[in-house]
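# Whatever this is, show me its structure:
(one chain, ligands or ions: 2)
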Amino acid sequence: MTGACPADGLSEHGIAPGARLAEPGRSARPRVLFVSHTGTMSGAELVLRDAVRPWTDARAFLFEDGALGEALRGLGLETRVARRGAGLSGLRRDASPMRALPVLKRLAAIAVEIFGAARDCDVVYANSQKAFLLSALPARLAGRPLIWHLHDILDGAHFGRVQRAVQVRLANACAARVVVPSRAAADAFVRAGGRPSRITVVPNGLDLDLDPRPQTALRAELGLPAGPLVGVFSRLAPWKGQDVVIDALAALPDVRCIVVGAALFGEDAYAADLRARVAARGLAHRVLFLGQRADVPRLMQAVDAVVHPSVDPEPFGRTLVEAMLAGVPVIATDAGASAEILDDGAAGILVPPRRPDRLAAALADLFADPDAVVARTRLARARALSHYGAAAMQRDLATLILQVSGRP
Ligand code: UDP
Ligand code: GLC
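Ligands and ions are numbered 1, 2, ... in the order given. Predicted coordinates:
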């Protein structure tokens, strides 16, 4: 594989051999092609939407249309959609490569389209795993440097062995830069065999325009009474761990919970299991499922604590930062990037993953003495503002794009 995409001789700026560099008379600004496999907005696509803001003259290529396509077009990007890409994002990312066989022809057609689009651009920027896998060879053949924005933890919890090996080899061989949102994601990439020299950590940045709302008004809007209320704000998926919160609630008789988010990528069985679990524990009057919402940071202000219960390492977790910015106490599992984001527990409470008993104990402590977390919550907000702003992310990504394009 290394032979197929020889990126070993990258320059100090990570410029791929054969990359088309700045020519006299050409615009100093590279034309970027942003590639995404899905049109559905989860964290990685929200990051892409915010990352492209300074690149309104860029192009985008999506495997399928959707909310992301709408957002990119709205920002002015010339956005093309693959002719036969619809539904491909449903291919499970941890599936065996054999599962991709029946759709190989469609994948090949997408790669050909990416090749054509790449030739009209100076830099290819692949957002997430599938976009990278299908962009690697086309970018190489077109002689364009490739940036992979990796939004995953490449470990055994999230990917099979073969999948990890394919991804890191392709990255080592073809990617001028691999951007990750956290140290945890960088370490996992290196542990999986990725070259440390390829990696740049660019923390996700958010730009929240939050109107402070009184808790009572929001509770009334949701039809919820006063009293202890926690919230989980994530798409429904087994590794996001909403089931652990439900189990913890069984031990906290007075506490209610709102569960915000939907099964975005086919995890309907898990969503049904969550509802069944609530019924089985006799919690139907205390757990409210609100589905997918467009006002997450606003809703966060209705709760006394945001719980982030991921059971497998989280690459980043935008919802953590949203809660910090909303000024709400956070209890998160210590897996992946949460310890980095929460400053090792100084800006939020860390509990071990998959431990409803420890989560229940942490929530009981919080409700017994809410004043004890006021300083922590204030620190969390200041930290979110200083470390996780959208402008810093855009600036860091722009620097990388200019470097790989040879136009620093
Ligand atoms: N989100 C949303 N509506 C919902 C649930 C989540 O808009 O009902 C947003 C949430 O506010 C956050 C993003 O989806 O900005 C999820 O990003 P995160 O990095 O936390 O996790 P991901 O789902 O990407 O793994
Ligand atoms: C992925 C990760 C999430 C991260 C997001 C943006 O969806 O699961 O942790 O915040 O990408 O990087």
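
# Around ligand 1, pick out the residues from the chain.
42-44, 46, 233-235, 260-261, 292-294, 296, 316-319, 322 (Cβ under 6 Å from any ligand atom). Yep, even glycine has a C-beta here, placed from its N, CA and C like the rest.

# What is the neighbour count of the residue in the stretch 301-408 of the chain that ligand 2 sits nearest to?
Residue nearest to ligand 2 within the stretch 301-408 of the chain (Cβ to the nearest ligand atom): F316, separated by 3.2 Å. By the criterion of other Cβ atoms under 10 Å, F316 has 26 neighbours.

# try A335
Neighbour tally, A335, other Cβ under 10 Å: 25.

# That one is in contact with H308, isn't it?
No: counting by Cβ atoms under 8 Å, A335 sits too far from H308 to count as a contact (9.8 Å).

# what residues do these two have in common as contacts?
Applying Cβ atoms under 8 Å, 6 or more residues apart in numbering, one finds that A335 and H308 are jointly contacted by E314.

# Not counting sequence-adjacent ones, nearest residue to the residue of the stretch 301-408 of the chain closest to ligand 2?
P181 (3.9 Å; Cβ to Cβ, 6 or more residues apart in numbering).

# Roughly how far does that neighbour sit from ligand 2?
4 Å (Cβ to the nearest ligand atom, to the nearest Å).

# Check R164 too.
R164 sits 16 Å away from ligand 2, going by Cβ to the nearest ligand atom.

# Quick check: which element contains that residue?
Using DSSP states H and E, the element containing R164 is helix 161-174.

# Only alpha carbons, please: show the next helix-or-strand element following that helix as CSV.
Using DSSP H and E, the helix or strand that follows helix 161-174 towards the C-terminus is strand 177-180. Taking C-alpha atoms only, strand 177-180 is exported to CSV below (Å, rounded to 0.1, in the frame of the first residue of the first chain):
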residue,chain,number,x,y,z
ARG,A,177,-1.8,15.9,7.4
VAL,A,178,-4.1,14.1,9.8
VAL,A,179,-6.1,16.5,11.9
VAL,A,180,-7.6,15.2,15.1
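
# and strand 177-180, what's its mean pLDDT?
Across strand 177-180, the average pLDDT comes to 98.

# helices and strands around it, which ones?
strand 146-149, helix 183-191, strand 199-201, helix 390-405 (3 or more Cβ pairs under 8 Å, 6 or more residues apart in numbering; DSSP states H and E).

# Pull up the pairing partners for it, direction included.
Under the criterion DSSP bridges, strand 177-180 sits next to strand 146-149 (parallel), strand 199-201 (parallel) in its sheet.

# Can you say which of those is packed in most?
strand 146-149 (a mean of 29; mean count of other Cβ atoms under 10 Å).

# Now do the same contact list for the residue in the stretch 101-250 of the chain that ligand 1 sits nearest to.
Nearest residue of the stretch 101-250 of the chain to ligand 1 (Cβ to the nearest ligand atom) works out as R235 at 4.6 Å. Applying Cβ under 8 Å, 6+ apart to R235 gives the contacts S42, G261, A262, A263, L264, F265, E267, Q292.

# What residue, apart from its backbone neighbours, is nearest F115 spatially?
P138 (3.7 Å).

# what helix or strand is the one you found on?
helix 129-142.

# and the angle from that helix to helix 161-174?
Orientation note: helix 129-142 sits at an angle of 30 degrees relative to helix 161-174 (axes from the mean of the first three to the mean of the last three Cα atoms, to 10 degrees).
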